[in-house]
Structures are given as C-alpha cells and as structure tokens.
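Q: take this sequence and fold it.
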Amino acid sequence: MLEIIKLIWILITFSLISGCSSNKVNPCNQSSITYSKIDTEVNERICFKSVDSYDLNYVNKPEIIIYGNLSFPKIKKDSYHAVILSHGSGGLRKYHNAYVKLLNENGYVVFQIDHYKARNIRYDKTFSKVSGITFMNDAYKALELIKTHPKIKKVSYIGWSQGGVGPILSHFTSVTNFINDGENLFDSSIAIYPYCGFTFNEDVKTNNPLLILTGRDDDLTPEKACINIYKKFSKKDENIKLISMEGARHGYDNPFLFFGFEFEHLPSLHVINDDCTLTISDKGEIESLSKKKVTGPKESAALLSECSSKGVYVKYSPSATEKTFDEIVEFLDRI
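A: Take a look at the predicted model:
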C-alpha cells in the first residue's frame, strides 16, 4: 500500500514539476495595458515592459511584455520594503507562494515575476532556452517599476536556481554598470540553491549585501561553485554571506518533492574549469574564461553538454526550508 501511495505521489510530483505552473494562460500580450508607474496598495497582476536579451548587450534586442503578481501585507504602513521574486528553470510554481505568504506576513511587499509565459515556455529542462541574465533583465525592469511607488523605499531581490544567477551577479559592479549605468540597484539580494558558474577579477567592486543559500548535497547546481565565489570575495567583502544547508538537495523547499525524485535527463553542473566558468565581457556578453561566447540557446546547450553529466536527485527538506525562511527574514530585516 505504501508503495502504491508513493507511486501516485511521484506521478503527481512529475506532473507538477515538468509541465504545470500556477498560471496556465499568459495574461499579457502586445495589446495589454502596461504599467510604467504604480501608486496603489492593491494586490494585482501587472503587465510591464522588459527587454528580451540573453545577455547584457542590449543592441537590437526586442522589447517584451511580461507580468508579475504584486501583493501587499495586510497591515498597511507608511513605507515599505519590497521584494522581487525570480523563479527557476521549472517556472513559477505553487510552492513559491509560501515565500509570498512569509514575506507579506512579515510586512514586505512582494512582486513575483513570471519570466516564461510571454516567452511561451512552460518548463526549461535544457536550462538554455533563456539565460539567468534574461531573468535578471526582467528583474531590473521590475525594479524600475516598483521604485515608482511613493511608499516603497527599499527593494530586494530573491531568486531560485537559474533565477538565482541574477541576485549573485547583482552583487558585482562589472555587471550592474551595464544596467541603467549602475544607478538603479537592489538594496540586497538572496540566491537560493543558485547556479554559481560565474566569476570576476578579485579587484572588482561590489554592491549591496548578498546572501547565498545552498544545499550541501545538491547535485544539480553543486554548492562548490558557490563556495568558490564566497571564498574568493569574502576576504575583503563583508557584504557576502553563504549558508550551507546540511543534507539538503536541489529543490529542498518544494514540498511536492517529499519522497524525493530522480531526474535522469537533467544535467549535474559539477564541472569547474576555464571552459565551464563564465564571466561578462567588456561588451556585456556571456563568455567562458577560455573565451567561448554564449550568445544564445545553441551555445548554452553546447556548454551544458560539455560541463555536466546526466542525472540528479531532488528532495524536500522541512528543516532546510524552515531554516531558509528564518534566514531570509533575518537578513531582510537588517537591510
């Protein structure tokens, strides 16, 4: 009987992970009314303009209209700290709502972006249809919008997995200088089991506080690359912090992974060398330390094939999830 229950749960889990997100229909299109300013304290879905770019070189890159879900805490305040949420390659999922609830209950405004609907993506098992920087470009356009609210005085940035690339890169001026000339920045960033395959010169200047939360047993985005970033920059940068969740795997905060699940087709991004470590060129393009350009899905897929092996195991961890919730609130409360 237990095995039957487990099988049913696995089938439900697979359907939730591989195809179904919390919103099936794209609410925004080219004819939608887009916001350039917000001033109400109403929970609503907001369409806004972003740039559809794989990297930070915006020359001849098209405009795209995407959406985010804006939610305010029940207790109104004279001023707010807002948090922008950026999902991972699995898309916007129901378990992300636990973070919206957590943040709203602690007095934070939340703007939850859906990066996929407008791009006709349901789930990116290739990790290459868009880049983490695509997500980051959306987040910075959302930042411009959220900052127009007269009561929002601070804005932070949280991302998961591929969506965690942006929070990490936002810490470095060699990245943010390409965005609005480095003038419009997040007050802090949090990356949850992120892809950490980028690096920069040790003398690079850094921005506002960054918290990296990793799973010690994560074999999809192994924490070793994140530890390398932390060790390289924490010597002179007190604004970067890393917390490793003991025994935690990728997706440790997703209750639908309660029994654990093995994905034989997903890449384990464990290779760390000059071909597999990325940086940003002086033109804002993604390239490896060995100077291989990553300009789109084709180049990204080739890099992933070279820098990974197939097969990962994901599993929910109640203790790691609880600790993540506590660490996030404590971190944001200090900003």
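Q: per-residue confidence at Asn26?
A: If you check Asn26, the pLDDT there is 77.
Q: check which helix or strand it maps to.
A: Assigned by DSSP states H and E, Asn26 belongs to no helix or strand.
Q: the chain: strands as residue ranges?
A: Listed in chain order, the strands of the chain (DSSP state E) span 44-51, 63-71, 80-86, 109-114, 152-160, 188-192, 210-215, 240-245, 261-268, 278-280, 286-288, 293-294, 309-314.
Q: save those strands as JSON lines, and put in distance to Gly132 and mean pLDDT too.
A: The way it works is simple: take the backbone N, C-alpha and C, and place the C-beta from them, glycine included. Shown next, in JSON lines, are these (distance: least, C-beta to C-beta, whole Å; pLDDT from 0 to 100):
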{"stretch": "strand 44-51", "distance to Gly132": "15", "mean pLDDT": "95"}
{"stretch": "strand 63-71", "distance to Gly132": "16", "mean pLDDT": "96"}
{"stretch": "strand 80-86", "distance to Gly132": "9", "mean pLDDT": "98"}
{"stretch": "strand 109-114", "distance to Gly132": "13", "mean pLDDT": "98"}
{"stretch": "strand 152-160", "distance to Gly132": "8", "mean pLDDT": "98"}
{"stretch": "strand 188-192", "distance to Gly132": "10", "mean pLDDT": "98"}
{"stretch": "strand 210-215", "distance to Gly132": "14", "mean pLDDT": "98"}
{"stretch": "strand 240-245", "distance to Gly132": "18", "mean pLDDT": "98"}
{"stretch": "strand 261-268", "distance to Gly132": "15", "mean pLDDT": "92"}
{"stretch": "strand 278-280", "distance to Gly132": "10", "mean pLDDT": "97"}
{"stretch": "strand 286-288", "distance to Gly132": "9", "mean pLDDT": "97"}
{"stretch": "strand 293-294", "distance to Gly132": "11", "mean pLDDT": "96"}
{"stretch": "strand 309-314", "distance to Gly132": "18", "mean pLDDT": "95"}
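Q: from what I see, Asn208 and Ser189 are in contact.
A: Yes. Asn208 lies in contact with Ser189 (C-beta atoms under 8 Å); the separation is 7.1 Å.
Q: neighbour count for the two, which is higher?
A: Ser189 (28 against 17; other C-beta atoms under 10 Å).
Q: residues in contact with the more buried one?
A: Taking C-beta atoms under 8 Å, 6 or more residues apart in numbering, we find Ser189 in contact with 156-159, 166-168, 170-171, 208-211.
Q: could you give the bridge partners of it?
A: Residues in a beta bridge with Ser189, per DSSP bridges, are Tyr157, Leu210.
Q: pull the residues that contact stretch 111-120.
A: Applying C-beta under 8 Å, 6+ apart, the contact partners of stretch 111-120 are 21, 23, 25-29, 46, 52, 64-71, 82-87, 91-92, 96, 100, 121-122, 124, 129-130, 134-135, 138-139, 142, 146, 163.
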